[in-house]
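> fold the following, please.
(one chain, ligands or ions: 2)
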Amino acid sequence: MTADAAGAVRDGFRRVHGGSPEGVWAAPGRVNLIGEHTDYNDGFALPMALPQAVVLAARRRGDGLLRLHSAQGGAATAELRVADLAPGATAGWARYPAGVVWALRERGLAVGGADVYLDSTVPAGAGLSSSAALECAVAVAYDGLYGLGLARPELARAAQHAENAYAGVPCGVMDQMASVCCTGGHALHLDSRSLEVRQVPFGLGGHGLRLLVLDTRVRHDLADGAYAALRAGCERAAGLLGLPALRDLDGAGLPSALAALPGELVPLVRHVVTENARVDRAVAELAAGRPEALGPLLTEGHASLRDDYGVSCAETDLAVAAAVAAGALGARMTGGGFGGSVIALVRAGEAAAVAGAVAEAFAAAGHAAPAVLEAVPSPGARRIG
Ligand code: ADP
Ligand code: MG
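Ligands and ions are numbered 1, 2, ... in the order given. Presented below is the predicted three-dimensional model:
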């Protein structure tokens, strides 16, 4: 994140709130390399932070007001009374940042009001976690402004609590952990139960590889309800198996577990168990210096999300198929599904051809062209000004 970005939000802050902020913070969006729909099963994931981020300028207020302005949030500045924050009390986009302030206060932390101005380069609703970037930017800013000294996993938990209880989205903890814990040049091996993380060196350039993000720009409406139903199905399966979570089932125990479960839960459990194993395999391949071996794991993971978990859609399936047919080493949807983005691991010299082939396939199917970004492993949430 450049000094320019910090300067631009300082200017925005001055225009909207007057005067200068006490600081400027940034929190990134993410792509998840592998380990999808595993976090709420206490499992494993391997996300990396994107260069795209929420940049936020803030200054404490002594009168208990929280004044929120987003460059993407329309002309109005939301004005809320911190003491009145409660789930259900805030509408629209402001429930994400207000929810973080509420979640910090729920933890007994003495935080008050603030003037906030933010701008984001994370496309919203693209499966790249603009919501977690927004929450985590507020969390690190409040941590700095109010001298909270919270550890990174505590910031992520507060941000997740905001999204679950205040914004009403039953997400796991992966997006927030990625946004606060990732470091440049690394993917993040996350244990969603203990919140232990390991930085896994992830350099593609030296291997002649690139990771493309193809944002399909579609988001199907069933996303929220379906997510909650899948999560409930996983919890039910774990309960029937007498396990705390599906994380506690491994490949060796899978056949007998599947034989004991009602048919409708079988594909869900199979996805979660095989997906956790794919995270292990991906980490091992990266440790062995074989990033190209991620390709087949991505494509296998996509098939599992499509056929077993049922969260892909025509557009993401088409992007994956077209990318692989055009020479990508592997590709898969990333994020919760029902639209959003696809990642494709490509040889550097073939990036343009793969992106072009996907655009052509989309045009032939009557879909708008996907937006193309490059996934460069970037730093997590931090103060930048
Ligand atoms: P994703 O996290 O995959 O981008 P979500 O549906 O979880 O998609 O979150 C998108 C929502 O987050 C937006 O509808 C909006 O309410 C909020 N949001 C994200 N970025 C911003 C922003 N820059 N300004 C205001 N609201 C934002
Ligand atoms: Mg989100």
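
> low-confidence ranges in the stretch 1-150 of the chain?
The model of the stretch 1-150 of the chain has pLDDT under 70 over residues 1-2.

> get me the contact residues on it for ligand 1.
54, 70, 72-73, 93, 96, 120, 124-131, 134 (C-beta under 6 Å from any ligand atom). C-beta coordinates here come from the backbone N, C-alpha and C atoms, glycine included.

> what about these, which are in helices?
When those are checked against helices (DSSP state H), the matches are 96, 130-131, 134.

> ok, back up a step: from the residues of the stretch 1-150 of the chain next to ligand 1, which is closest to residue 141?
Nearest to residue 141 among those is residue 54, at 10.0 Å by C-beta to C-beta.

> check contacts around that closest one.
26-28, 118-120, 122, 130, 133-134, 136-137 (C-beta atoms under 8 Å, 6 or more residues apart in numbering).

> at 7 Å instead, please
Residue 54 sits next to 26-27, 118, 120, 122, 133-134, 137 when contact means C-beta atoms under 7 Å, 6 or more residues apart in numbering.

> what's the answer for residue 306, then?
Contacts of residue 306 (C-beta under 7 Å, 6+ apart): 312, 317.

> run the last query once more with 6 Å
By C-beta atoms under 6 Å, 6 or more residues apart in numbering, residue 306 lies in contact with residue 312.

> tell me the secondary structure at it.
The three-state assignment at residue 306 reads helix, by DSSP: H, G, I helix; E, B strand; the rest coil.

> any idea which of the residues of the stretch 1-150 of the chain next to ligand 1 is closest to residue 11?
Nearest member of these to residue 11, counting by C-beta to C-beta, is residue 70, at 14.8 Å.

> now the closest residue in space to the closest one that isn't next to it in sequence: which helix or strand?
Of all residues not flanking residue 70 in the chain, residue 118 sits nearest, at 5.2 Å (C-beta to C-beta, 6 or more residues apart in numbering). Applying DSSP states H and E as the criterion places residue 118 in strand 113-120.

> buried residues, that strand. List them.
Residues of strand 113-120 classed as buried: 113-120 (neighbour count, 16 or more other C-beta atoms under 10 Å).

> would TSV of those residues with distance to residue 82 be doable?
Putting those into TSV (distance: C-beta to C-beta, whole Å) gives the following:
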residue	distance to residue 82
113	5
114	9
115	12
116	12
117	17
118	18
119	23
120	23
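
> which ones are touching the residue of the stretch 251-385 of the chain found nearest ligand 1?
Per C-beta to the nearest ligand atom, residue 335 is where the stretch 251-385 of the chain lies closest to ligand 1, at 5.8 Å. By C-beta under 6 Å, 6+ apart, the residues touching residue 335 are residue 127.

> now swap in the one 5 residues further on and tell me
Applying C-beta under 6 Å, 6+ apart, we find residue 340 in contact with 126-127.

> helix, strand or coil: sort out it for me.
Note that with three-state DSSP, the state of residue 340 is strand.

> now swap in residue 162 and tell me
Under three-state DSSP, residue 162 comes out as helix.

> how many neighbours does the nearest residue to it once chain neighbours are set aside have?
Distances taken as C-beta to C-beta, 6+ apart put residue 99 closest to residue 162, at 3.1 Å, once the chain neighbours are dropped. Residues lying near residue 99 (other C-beta atoms under 10 Å) number 28.

> gap between the two ends of stretch 88-98?
11 Å (C-alpha to C-alpha, to the nearest Å).

> which positions in that stretch come out as buried?
90, 93-98.

> how about stretch 275-286?
Neighbour counts using 16+ other C-beta under 10 Å place 275-276, 278-280, 282-283, 285-286 of stretch 275-286 among the buried residues.

> kindly reformat those residues as a markdown table containing pLDDT.
Shown next, in a markdown table, are the buried residues of stretch 275-286 (pLDDT from 0 to 100):
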| residue | pLDDT |
| --- | --- |
| 275 | 98 |
| 276 | 98 |
| 278 | 98 |
| 279 | 98 |
| 280 | 98 |
| 282 | 98 |
| 283 | 98 |
| 285 | 98 |
| 286 | 98 |
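
> want to try JSON lines for those, with secondary structure and distance to ligand 1 as columns?
Formatted as JSON lines, the buried residues of stretch 275-286 follow (DSSP: H, G, I helix; E, B strand; the rest coil; distance: C-beta to the nearest ligand atom, whole Å):
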{"residue": "275", "secondary structure": "helix", "distance to ligand 1": "19"}
{"residue": "276", "secondary structure": "helix", "distance to ligand 1": "22"}
{"residue": "278", "secondary structure": "helix", "distance to ligand 1": "22"}
{"residue": "279", "secondary structure": "helix", "distance to ligand 1": "20"}
{"residue": "280", "secondary structure": "helix", "distance to ligand 1": "26"}
{"residue": "282", "secondary structure": "helix", "distance to ligand 1": "22"}
{"residue": "283", "secondary structure": "helix", "distance to ligand 1": "24"}
{"residue": "285", "secondary structure": "helix", "distance to ligand 1": "27"}
{"residue": "286", "secondary structure": "helix", "distance to ligand 1": "25"}
